[in-house]
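J.: The sequence and its predicted three-dimensional model are supplied below.
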2 protein chains.
Amino acid sequence: MQAKLTTHLAKNFLFLKGKKLLIACSGGVDSVVLAHLMHRVGYVTGIAHCNFSLRGKESDGDEAFVLDLAEQLSVPVFTETFDTIRYAKDQHLSTQMAARELRYRWFEELLKDFKYDYVLTAHHADDDLETFLINLSRGTGLRGLTGIPAINDRIIRPFLPFSSKQILNFAKKEHLYWREDSSNAATKYLRNALRHEVIPNYKKVTKNTLQQVQKTQQYLKNSQSLIDDYMVLIYNLAVTENFDGYTIHLQKLEELPNKETVLYELLQSFGFTDHKAVIDLLTAQSGKQVFSKTHRLLKDRGVFILTKIKASEDIESKFNESDNRSEHYFIQNSEKKITQPIALTIIPTDKVGYLDTNTIYIDQDKIDFPLVLRKWEEGDVFQPFGMKGKKKLSKFFKDEKLSLVAKENVWLLCSNNQIIWVVGYRADERFKVSTTTQRILEIKLLDT
Amino acid sequence: MQAKLTTHLAKNFLFLKGKKLLIACSGGVDSVVLAHLMHRVGYVTGIAHCNFSLRGKESDGDEAFVLDLAEQLSVPVFTETFDTIRYAKDQHLSTQMAARELRYRWFEELLKDFKYDYVLTAHHADDDLETFLINLSRGTGLRGLTGIPAINDRIIRPFLPFSSKQILNFAKKEHLYWREDSSNAATKYLRNALRHEVIPNYKKVTKNTLQQVQKTQQYLKNSQSLIDDYMVLIYNLAVTENFDGYTIHLQKLEELPNKETVLYELLQSFGFTDHKAVIDLLTAQSGKQVFSKTHRLLKDRGVFILTKIKASEDIESKFNESDNRSEHYFIQNSEKKITQPIALTIIPTDKVGYLDTNTIYIDQDKIDFPLVLRKWEEGDVFQPFGMKGKKKLSKFFKDEKLSLVAKENVWLLCSNNQIIWVVGYRADERFKVSTTTQRILEIKLLDT
């Protein structure tokens, strides 16, 4: 196994030589073998360990074990404790997906902060087959079956051609120590259920299962490449780029065979992954719009107009760079749906225009990102522009003689849950531009 | 289940109404339910039963059961007994593949001879998942995962959306009788092993497994459609059609991304399915040739020349039709490899040209198809054209002063293992055109 693995590393991962490598190590047998092997063959490594706080004392024991391992190998070690359950709940994710997001986000930070070149994970061929069967059982497309990539930007997975058994055998032969994860032995998660109750029998009744599955996955990757090549042609044929997005010309798609699948492939690259919703758009009326995490899609006569949504964090970092360009943003409302396109522009202090129903000017240093759009609630108060005191929003609506329906349609732009703007009606006094204002933010409601 | 099934039939198989349908019925629960249901909903049906002679008395019992069923339903019944083991051995096939070939070939005959419109089989969603997992375990491409088609030319599979359990429940509820296949209960075959030892647990640990797999397979079919569309573009770009085949222009492929996968996709439609052999051709020298069951591929400077191979049976049926057109054939040598392009032409008796080293004229009624090309063997004799007696081939070669190498390169064209032509050297007296000849066959050696 060591000979096989070192040959494999020399043949396929030569570019790792001399680089700074961060080994993701849970303390389990796979990542412990990875840490030992990479160290032995002379690579420059550090170890990163995530404590997901999912198994109480056992999690802490894993962390202590990895700290010992790093000391034993005399390599740097990084550990981080996550409240995975809370994060999963907040983000509406499964525990495993939450752990995954937290893990990779932290790895990115470590790469940047400590100038590591790559993160190495110990994913192996059995992990790949498990993922295949999980995705299959949930209904997936071609991409969902092509497997974990061995090299994905700065994440490297050198163990993918090897089975969990090969790795375990190496660990035993070399008398290595590792931690058993109690959740591995249980069938708590689907992955573990497949690992213990399905895959062993599948391997028993078939031959060279893992190699054949990997061969299949390579063929599927090849097929996906052809689709990608075809979609480049379609893109050139039917899509034009605008300053803040893209236009898809439906007439061009109409001329193609399998236009529904083509449209789905086009749109999924913009984050639209609901197959049925996408197909329904073809027959939807002009004015219909749907949102992905990254884009708004508006159906207009004969075209789909795709506009990039800048997430609040993007807006924040943008403005910290004191960029002077005007940008269009779609700001998330409180239900995490994207509803209103708003232009935010930093402008010179002598360029302030007149307040109108669609534009406000505020002191940027008085607000905090992210800005949030939400509907009004009973009890909301703000300080109408030009007024000394606060006013209940319900009173403001009454004075403005808004109907019930009109009230329901009003959006509030908020910072730290303070109302900056009753959009289209009145700005708030607290955020207004004053003689001490350093940076002025123009916020303009755009036509949708 | 009956309501579901009849709705499904009405929605997706309306075109079956009024057609003559042949139900493939093994006597097992699935096909018995199919026979009952199609009969009940008023379709015009007959029953076809294959006796594969694989389970002795049990097979005969199945046949008797199906005969009874047909009588009970008052529908026509067809049965055929196959020596599956022998056929599998002769054709180098697995028993299941042999049974499959025999079954579908016989169905084709029945459709033709008894003027049935469609054959219906009882394949269901569980069969589809089994096939998926079998192909996955053997290394397959995208096509191998897209599932059994519900409508494939004249084969219809109305039960594909239903699980084996749904079908079984219907049979029980309706108190139907059927035969249990003892090999179904055993794990003799891979399919049965998956059915009993893998899939039940996979279903247990996942949700709506069959529906999700079918959803996946629909997405995979969509992906395959895009590849097919792309390949039409590639075909128009890089392939020209000739009178007896195709030319692939490699320079055109060189300009494409993923040219190896493109080439594989192009060639697999001509029966070249060995991935590595196809890729190796890209770097092979001019003159290299390989063969699929249907085509010869010759690498020449900058091109692949694909020539259609006419199987011996095709040649035979062609000539029985007394077709006057000249055709080019590649005739199989004794090692089942295709080596020599030969033109066979039936010509009017007054059009006989001169014998030359590349052409012979023979009395077509004196020979039997298939014609076979082979190398010479010690002891071969023939009757050289113009001679009364026979001559050993070794003596003929000596008289012609052939070197050892030249002798090895000589091909013999044979009928019933009698030498018709020492190709390029001498025809045989026995097959020559005489005053009583009705049909003259011109055989011409073509340049390769």
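T.: Happy to help now that I have it. Residues are numbered from 1 along each chain as shown, chains lettered A, B, ... in the order given.
J.: quick one: low-confidence ranges for chain A?
T.: Applying pLDDT under 70 to chain A flags residues A:1-2, A:184-188, A:243-244, A:309-356, A:369-370, A:405, A:409, A:445-448.
J.: Give me the outermost residue of it relative to its centroid.
T.: Residue farthest from the centre of chain A, counting by Cα atoms, centre = their mean, is residue A:399 at 44.0 Å.
J.: Break chain A down into its domains, please.
T.: A:2-209, A:243-308, A:312-445 (automatic domain parsing).
J.: Tell me which residues touch residue A:417, please.
T.: Taking Cβ atoms under 8 Å, 6 or more residues apart in numbering or on different chains, we find residue A:417 in contact with residue A:372. For every residue, glycine as well, the C-beta is placed using N, CA and C.
J.: Please name the nearest non-neighbouring residue to residue A:238.
T.: Using Cβ to Cβ, 6 or more residues apart in numbering or on different chains and skipping the chain neighbours, the partner closest in space to residue A:238 is residue A:252 (3.7 Å).
J.: and what of residue A:81?
T.: Beyond its immediate neighbours in the sequence, the residue positioned closest to residue A:81 (Cβ to Cβ, 6+ apart) is residue A:51, lying 4.3 Å away.
J.: Contacts only, for that neighbour.
T.: By Cβ under 8 Å, 6+ apart, the neighbours of residue A:51 are A:59-60, A:62-63, A:79-82.
J.: again, only this time at 6 Å
T.: By Cβ atoms under 6 Å, 6 or more residues apart in numbering or on different chains, the residues touching residue A:51 are A:59, A:63, A:81.
J.: Need those residues in a markdown table (columns: neighbour count and secondary structure).
T.: Formatted as a markdown table, those follow (neighbours: other Cβ atoms under 10 Å in any protein chain shown; DSSP: H, G, I helix; E, B strand; the rest coil):
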| residue | neighbour count | secondary structure |
| --- | --- | --- |
| A:59 | 20 | helix |
| A:63 | 20 | helix |
| A:81 | 13 | strand |
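J.: Just give the number of residues close to the residue in the stretch 251-400 of chain A positioned nearest to chain B.
T.: Closest contact between the stretch 251-400 of chain A and chain B, by Cβ to the nearest Cβ, is at residue A:261 (4.2 Å). By other Cβ atoms under 10 Å in any protein chain shown, the residues close to residue A:261 number 21.
J.: Residue A:106 - how many residues pack around it?
T.: By other Cβ under 10 Å, 17 other residues sit near residue A:106.
J.: how close does it get to residue B:172?
T.: Separation of residue A:106 from residue B:172 (Cβ to Cβ, to the nearest Å) stands at 55 Å.
J.: and what of residue A:170?
T.: 52 Å.
J.: Who has more neighbours out of these two?
T.: Set residue A:170 next to residue B:172 and count neighbours by other Cβ under 10 Å: residue A:170 wins out with 19 against 10.
J.: so the more buried one is in which element?
T.: helix A:164-173 (DSSP states H and E).
J.: who touches that helix?
T.: A:1, A:29-30, A:33, A:124, A:126.
J.: for the stretch 251-400 of chain A, what spans make up the helices?
T.: Secondary structure of the stretch 251-400 of chain A by DSSP state H, counting those that start in this stretch: the helices cover A:259-268, A:275-282, A:312-320, A:393-399.
J.: How about the first one, which residues are buried there?
T.: Yep, that's helix A:259-268 we're talking about. Residues of helix A:259-268 classed as buried by neighbour count (16 or more other Cβ atoms under 10 Å in any protein chain shown): A:259, A:261-268.
J.: ok, back up a step: dump the contacts of helix A:164-173 into JSON lines; add secondary structure as well.
T.: JSON lines is the format used below for the contacts of helix A:164-173 (DSSP: H, G, I helix; E, B strand; the rest coil):
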{"residue": "A:1", "secondary structure": "coil"}
{"residue": "A:29", "secondary structure": "helix"}
{"residue": "A:30", "secondary structure": "helix"}
{"residue": "A:33", "secondary structure": "helix"}
{"residue": "A:124", "secondary structure": "coil"}
{"residue": "A:126", "secondary structure": "helix"}
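J.: which bits of chain A sit near chain B?
T.: With Cβ under 6 Å from any Cβ of the partner chain as the criterion, chain A meets chain B at residues A:136-142, A:193, A:197-198, A:201-202, A:205-206, A:209, A:212, A:215-216, A:219-220, A:222-223, A:225-227, A:229-230, A:257-258, A:261.
J.: redo that, cut-off 7 Å
T.: A:136-142, A:190, A:193-194, A:197-198, A:201-202, A:205-206, A:209, A:212-213, A:215-216, A:219-220, A:222-223, A:225-227, A:229-230, A:257-258, A:261-262, A:265 (Cβ under 7 Å from any Cβ of the partner chain).
J.: Got a quick ChimeraX command for the buried subset of those residues?
T.: To isolate the buried members of these in ChimeraX, using 16+ other Cβ under 10 Å:
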select /A:136,137,138,139,140,141,142,190,193,194,197,198,201,202,205,206,209,212,213,215,216,219,220,222,223,225,226,227,229,230,258,261,262,265
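J.: In helices, which of the residues of chain A next to chain B appear?
T.: Those of the residues of chain A next to chain B mapping onto helices are A:136-138, A:190, A:193, A:201-202, A:205, A:209, A:212-213, A:215-216, A:219-220, A:222-223, A:225-227, A:229-230, A:261-262, A:265, per DSSP state H.
J.: tell me which element residue A:413 falls in.
T.: Following DSSP H and E, one finds residue A:413 within strand A:412-415.
J.: C-terminal to that strand, what's the next element?
T.: Following strand A:412-415 toward the C-terminus (DSSP H and E): strand A:418-422.
J.: Now do the buried residues in that next one.
T.: Buried residues in strand A:418-422, counted by 16+ other Cβ under 10 Å: A:418-422.
J.: ok, now stretch A:5-23?
T.: Across stretch A:5-23, burial judged by 16+ other Cβ under 10 Å covers A:5, A:9, A:13, A:16, A:20-23.
J.: ditto for stretch A:149-165
T.: Within stretch A:149-165, the residues that count as buried by 16+ other Cβ under 10 Å are A:155-164.
J.: Now the terminal residues of that stretch, how far apart.
T.: 21 Å (Cα to Cα, to the nearest Å).
J.: cool, stretch A:13-24 as well?
T.: 17 Å.
J.: Can you classify the spatially most central residue of chain A by secondary structure?
T.: Centre of chain A computed as the mean C-alpha position; nearest residue by Cα atoms, centre = their mean is residue A:101, 7.6 Å away. Put simply, residue A:101 is helix when judged by three-state DSSP.
J.: how close does it sit to residue B:387?
T.: 89 Å.
J.: do the same with residue A:296
T.: 90 Å.
J.: Could you check which of those two has the larger neighbour count?
T.: Using other Cβ under 10 Å as the criterion, residue A:296 and residue B:387 rank with residue A:296 on top: 20 against 12.
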